[in-house]
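Peer 1: Sequence first, predicted coordinates after that:
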Amino acid sequence: MSNIVAIGIQWGDEGKGKIVDLLAPEMDIVARFQGGPNAGHTLVIGDQKTVLNHIPSGILHADTLSLIGNGTVVDPFRLVEEMDMLLDAGVPVYDRLRISDRCQLILPYHRALDAAREAAKGEGKIGTTGRGIGPCYEDKTARRGIRLTDLNAEDLDARLEENLRYVNFMLTEFLHAGPVKRAEVDKALDLARERLLPLAADVPLILHERIKAGARVLFEGAQGSMLDVDHGTYPFVTSSNTVAGAALAGLGVGPGQVDKVLGICKAYTTRVGAGPFPTELYNAEGMDDASGRHMAEKGQEFGATTGRPRRTGWFDAVVVQHAVRINGVTDLAITKLDVLDGLDEVKLCVAYERGGQQLVSIPADCRALDECTPVYETLPGWSETTFGATSLDQLPANAVALLRRIEEVCECPVTMLSTGPDRDHICHL
Ligand code: IMP
């Protein structure tokens, strides 16, 4: 087993950063394949907390090459900020990072459109991160996007003028927002030319040659399967494919290159932004429940990118089973088990009920999913601490029983268990 796809299999924020950071020292390459600065991977090293938006979590390791693939969308301002933060901390970013020359650029008009669309939707808004992700992927599919390689294109000026004419018409005529000025766009392009172009590379070629020479690759996903534009809770999703299959298209490698799919999920469930969440217990809008509040407070459930409070709820095995199927998950990594310490009982949602019928998979229609109520199995909780445990025999029997039940119901082995924020707080099973 050499190459691993590591992905979130709930609604994002599963603790992927820590797991990828743990696996990275064994890998030669860590490669991001989708998403952009909507992601926020928090790494804790000693007492230092680092949030990465674009750059793969492997960047902190001396012998690991970090790649940003063609499937991602890159905001020059934010990526350069991230690079500078790492450079200031002594990380030799220019030696360790390469960016696909086919990456789409997030430009100021994408952010303006994202904000104006959300404002226009009012109550029905998606609750996006506001980073311009959706409009940038729209431009990619509509074949009017600007890629890193296009910074040198002869027709760049004409394409930008046409894009701005279209965007400013949308902004002013339909969305009642202000127009975006060409000078703002040029600032982003100049920065990309100066700081990102020197890192531009043919990523599929690098991967092909390095894999041929025996390199191990970790394909790093962002967001989670339930935010996938096809398989998630559409339209309350992000605008890219977040599933394991996207690793191939988003980097330019074939299916034969993937040996293992690691599905990362919390021992409970969280979500930020709007959309269905069948096992929801607690949110900032007034839904209250003692166990849900316990998860939010003890788990410090605030978005790494936006700081928004996350909605919390019980572990949803219907969601995880769905994720195991659509991603071909071979191994589960469960994070934040310690957050459940001190609860009298813990629940697993094993099916949904809707209109007197039991469902064992997720309906495609969001409204139908909204009408589903969870069917729970209740297991005894534990009062002992699991914080920092490094092996199964340090865990209370009831915590082990929960893990075993998750494995049974989700038909997938748990091979990693995270019991705290630090690198050492981990059990390999
Ligand atoms: P967008 O990706 O900014 O367009 O946001 C679309 C939806 O995905 C919103 O509900 C966001 O809260 C959610 N989302 C996007 N990125 C992340 C992430 O990294 N973690 C959790 N939720 C995310």
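Peer 2: Now that the structure is in, tell me what you want to look at.
Peer 1: make it CA atoms for all contacts and neighbour counts henceforth
Peer 2: Noted.
Peer 1: quick one: the helices in the stretch 1-150 of the chain?
Peer 2: 16-23, 76-88, 93-96, 108-121, 133-141 (DSSP state H, counting those that start in this stretch).
Peer 1: The shortest one: how far from the chain's middle?
Peer 2: Yep, that's helix 93-96 we're talking about. Centroid separation for helix 93-96 versus its chain: 23 Å, with Cα atoms, centre = their mean, to the nearest Å.
Peer 1: Now it: average pLDDT?
Peer 2: The predicted model assigns helix 93-96 a mean pLDDT of 96.
Peer 1: Also stretch 358-368?
Peer 2: The model assigns stretch 358-368 a mean pLDDT of 94.
Peer 1: Start and end of it, how far apart?
Peer 2: 13 Å (Cα to Cα, to the nearest Å).
Peer 1: Now do it: everything it contacts.
Peer 2: 233-235, 275-276, 318-319, 322, 350-354, 369 (Cα atoms under 8 Å, 6 or more residues apart in numbering).
Peer 1: on that earlier part again, which stretch among the helices of the stretch 1-150 of the chain approaches Glu209 most closely?
Peer 2: helix 93-96 (16.7 Å; Cα to Cα).
Peer 1: Quick one: list the elements packing against that closest one.
Peer 2: Packed against helix 93-96 by the contact rule (3 or more Cα pairs under 8 Å, 6 or more residues apart in numbering; DSSP states H and E) you find helix 76-88.
Peer 1: Now do the helix it packs on, average pLDDT.
Peer 2: Per-residue pLDDT over helix 76-88 has a mean of 94.
Peer 1: Buried only: go through the contacts of stretch 358-368 for me.
Peer 2: Thr233, Tyr234, Pro235, Gly275, Pro276, Val318, Val319, His322, Val350, Ala351, Tyr352, Leu369 (16 or more other Cα atoms under 10 Å).
Peer 1: now, among these, which is nearest to the ligand?
Peer 2: Among those, Gly275 lies closest to the ligand (Cα to the nearest ligand atom), at 7.2 Å.
Peer 1: Now do the strands in the stretch 101-250 of the chain.
Peer 2: 104-105, 200-201, 217-220 (DSSP state E, counting those that start in this stretch).
Peer 1: Could you pick out the residues of the stretch 151-300 of the chain near the ligand for me?
Peer 2: Contact residues (Cα under 6 Å from any ligand atom) of the stretch 151-300 of the chain with the ligand: Ala222, Gln223, Leu227, Phe236, Val237, Thr238, Ser239, Val272, Gly273, Ala274.
Peer 1: Pull the lengthiest strand in the chain out as PDB, backbone CA atoms only.
Peer 2: Counting residues, the longest strand found in the chain (DSSP state E) is strand 345-354. What follows is strand 345-354, C-alpha atoms only, in PDB (Å, rounded to 0.1, in the frame of the first residue of the first chain):
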ATOM      1  CA  GLU A 345     -25.200   8.000  26.800                       C
ATOM      2  CA  VAL A 346     -24.200   8.300  23.200                       C
ATOM      3  CA  LYS A 347     -26.400   7.800  20.100                       C
ATOM      4  CA  LEU A 348     -25.800   6.500  16.600                       C
ATOM      5  CA  CYS A 349     -28.300   7.200  13.800                       C
ATOM      6  CA  VAL A 350     -28.700   4.000  11.900                       C
ATOM      7  CA  ALA A 351     -31.600   4.800   9.600                       C
ATOM      8  CA  TYR A 352     -34.000   7.600   8.800                       C
ATOM      9  CA  GLU A 353     -37.800   7.600   9.100                       C
ATOM     10  CA  ARG A 354     -39.900   9.600   6.700                       C
END
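Peer 1: Following element in sequence after that strand, please.
Peer 2: strand 357-359 (DSSP states H and E).
Peer 1: Direction included, what does that next one pair against?
Peer 2: Sheet neighbours of strand 357-359, with direction, are listed as strand 345-354 (antiparallel) (DSSP bridges).
Peer 1: what sits up against the partner strand?
Peer 2: With Cα under 8 Å, 6+ apart as the test, strand 345-354 has contacts from 279, 314-318, 340, 358-361, 368, 371-382, 409.
Peer 1: Domain ranges for this protein, per the record?
Peer 2: With domains defined by automatic domain parsing, the chain comprises 4-99+201-262, 104-196, 265-428.
Peer 1: winner for burial among those domains?
Peer 2: Comparing these by mean neighbour count (mean count of other Cα atoms under 10 Å), domain 4-99+201-262 comes out on top with a mean of 21.
Peer 1: now that domain, how far from the centre of its chain.
Peer 2: Distance, centroid of domain 4-99+201-262 to centroid of chain: 9 Å (Cα atoms, centre = their mean).
Peer 1: got the end-to-end distance for it?
Peer 2: 7 Å.
Peer 1: Ok, stretch 252-269 next?
Peer 2: Start and end residues of stretch 252-269 are separated by 32 Å (Cα to Cα).
Peer 1: and that stretch, average pLDDT?
Peer 2: 97.
Peer 1: so which of the strands of the stretch 101-250 of the chain gets nearest Gln34?
Peer 2: That would be strand 217-220 among those, by Cα to Cα, at 8.7 Å.
Peer 1: Residues touching that closest one, excluding its own?
Peer 2: Against strand 217-220 from outside (Cα under 8 Å, 6+ apart): 2-7, 20, 23-24, 27-33, 56, 211, 247.
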